[in-house]
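Asks: any chance you could fold what I've pasted below:
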Amino acid sequence: MTPSPTRSPLRRLTARGRDEAHRVASPLELFFDLCFVVAIAQAGVALVHSVAEGHAGEGILNYAMVFFAIWWAWMNFTWFASAYDNDDALYRVVTLVQISGVLVLAAGVSRAFEDHDFLAVLLGYVIMRLALIVQWLRVARSSEGAERTMTLRYVAGVLLCQVGWVGLLVLPEGGRSWVFLVMALLEMCVPPFAEKDHPTSWHPHHIAERYGLFTIIVLGETIAAATVAVKSGIDENDALDELLPIAAGGLLIIFAAWWIYFVVPIHGHLRSNKQAFLWGYGHYLVFASAAAIGAGLEVAVEQAVGKAHISTLAASAAVTLPTALYLLTVWVLHSRHFKVGIAQQLVLPVTALLVICCTFLDDWAVFAAGIVAALAVVTGTTLTARMAVREGGERGERIPAA
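Replies: Residues are numbered from 1 along each chain as shown. Sure thing, here's the model as predicted:
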């Protein structure tokens with residue numbers, strides 16, 4: 001929505017049409033995504049340090065919790081904006097407050113990992129969520145009937161959850177993980193409860209584009225993190241021979257990850273709230289695993305140059321396990337809906353299994369995993385081409401290549 005100089009800076013926050021033509025991401029949404037990736041980058045750096053120091057279990061748990069806060073706040077804004085973005089001055093200001101919240105969260109990531117101090121993380125999260133409440137109250141003021149009831153359910157649900165999150169600060173450290181799990185489940189119950197009688201008018205094409213753009217940004221951050229790690233290893237240790245297989249394998253993994261995700265025209269599958277909620281929630285694993293691949297590549301580089309206090313097997317697993325999780329999750333959420341025949345259905349699950357097997361190939365594990373991921377793309381493309389030939393090319397345009 002492009003504002004006109006003659007339009008009022010304050011307008012009613014009303015629902016946009018689900019069938020609106022030419023709906024694309026706005027500059028504010030793109031700015032929002034870039035700022036959120038700052039927090040993801042901080043979580044990735046902290047995960048690298050935890051794994052490299054031999055505290056993988058604790059690091060993964062902290063990463064899962066911090067990443068949930070980042071992802072959930074991003075997702076709630078994304079779906080709200082798809083349904084109600086009016087791009088007036090107040091909407092922009094409140095969105096900028098949400099961005100400020102994620103920057104506060106990002107600033108507290110290192111303390112959360114190192115000292116188990118989640119105060120800044122929770123403060124940033126609460127800032128983002130309270131700003132979202134303001135947006136829902138604006139919608140409530142401009143709506144009536146079932147839609148107004150839906151908005152007030154969102155307000156009540158989000159507000160009550162914030163009370164629970166703040167309660168984490170006073171709980172003993174040993175019980176925080178279980179309370180976090182309960183609170184995360186309660187948070188995810190709010191949208192289905194709020195929209196049970198009146199769904200929001202989110203736009204399928206817009207939602208698919210927003211998720212796709214965020215996937216690109218996360219994969220880009222993964223490449224940037226891995227590149228910095230390789231450069232540092234070469235500059236400080238002159239270890240080009242050891243790092244070249246890791247760099248090549250990592251690049252192949254990320255290229256394959258991009259190809260496999262975007263070969264599917266997923267917007268046609270998002271026809272109802274049930275489908276959309278399952279798809280949207282599942283992207284927690286897509287985004288978290290994609291970002292973790294970059295962290296794993298950094299760990300592999302540090303281990304190769306002797307800076308990480310872990311075995312080659314553990315460093316390899318830091319890359320192969322999130323890669324396998326990414327492949328399986330994308331298959332479940334995207335590809336399986338478009339596959340035809342057992343051969344096409346098995347490409348990604350078998351690839352994930354082979355990537356895990358690559359973990360045991362010592363110094364060549366990452367490179368081998370990259371080759372396997374690339375071969376998955378080649379195999380999927382070949383299967384699609386053969387089907388296109390058999391069916392005269394007509395159906396091949398609608399079947400994904402991997």
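Asks: compute the number of surrounding residues for residue 304.
Replies: 23 (other C-beta atoms under 10 Å). Yep, even glycine has a C-beta here, placed from its N, CA and C like the rest.
Asks: can you count the residues close to the residue lying closest to it once chain neighbours are set aside?
Replies: Leaving aside its sequence neighbours, residue 304 sits nearest to residue 242 (C-beta to C-beta, 6 or more residues apart in numbering; 4.4 Å). Neighbourhood size, residue 242 [other C-beta under 10 Å]: 18.
Asks: secondary structure element for residue 242, which one?
Replies: Residue 242 is located in helix 240-262, with elements delineated by DSSP states H and E.
Asks: for whichever helix or strand comes after that helix, the averaged confidence score.
Replies: Under the assignment DSSP H and E, the closest C-terminal helix or strand after helix 240-262 is helix 273-304. The average pLDDT for helix 273-304 rounds to 91.
Asks: how about the contacts made by the closest residue to residue 81 other than its chain neighbours?
Replies: Closest residue in space to residue 81, ignoring its immediate chain neighbours: residue 29 at 6.1 Å, by C-beta to C-beta, 6+ apart. Residue 29 makes contacts with 78, 81, 85, 210, as judged by C-beta atoms under 8 Å, 6 or more residues apart in numbering.
Asks: my guess is the third one meets residue 26, correct?
Replies: To tie it back to what came earlier, the one meant is residue 85. Yes - with contact defined as C-beta atoms under 8 Å, residue 85 counts as touching residue 26 (6.7 Å).
Asks: okay, the two: which has more neighbours?
Replies: Higher neighbour count among residue 85 and residue 26: residue 85, with 23 against 18, using other C-beta under 10 Å.
Asks: check the gap between the more buried one and residue 72 for me.
Replies: To residue 72, residue 85 is 19 Å away according to C-beta to C-beta, to the nearest Å.
Asks: report the buried residues of stretch 151-158.
Replies: Neighbour counts over stretch 151-158 (16 or more other C-beta atoms under 10 Å) mark 151, 152, 153, 154, 155, 157, 158 as buried.
Asks: mind checking which of those residues are in helices?
Replies: 151, 152, 153, 154, 155, 157, 158 (DSSP state H).
Asks: any idea how many residues pack against residue 114?
Replies: Neighbours of residue 114 using other C-beta under 10 Å come to 12.
Asks: poorly predicted segments of the stretch 101-250 of the chain, please.
Replies: Regions of the stretch 101-250 of the chain meeting the criterion pLDDT under 70 are absent.
Asks: just the ones of the contacts of residue 29 in strands?
Replies: Of the positions in the contacts of residue 29, not one sits in strands, assigned by DSSP state E.
Asks: now these in CSV, with distance to residue 236?
Replies: Formatted as CSV, the contacts of residue 29 follow (distance: C-beta to C-beta, whole Å):
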residue, distance to residue 236
78, 40
81, 43
85, 46
210, 39
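Asks: still on that earlier bit, between the buried residues of stretch 151-158, which sits nearest residue 334?
Replies: Taking C-beta to C-beta as the measure, residue 154 is the one of these closest to residue 334, at 27.9 Å.
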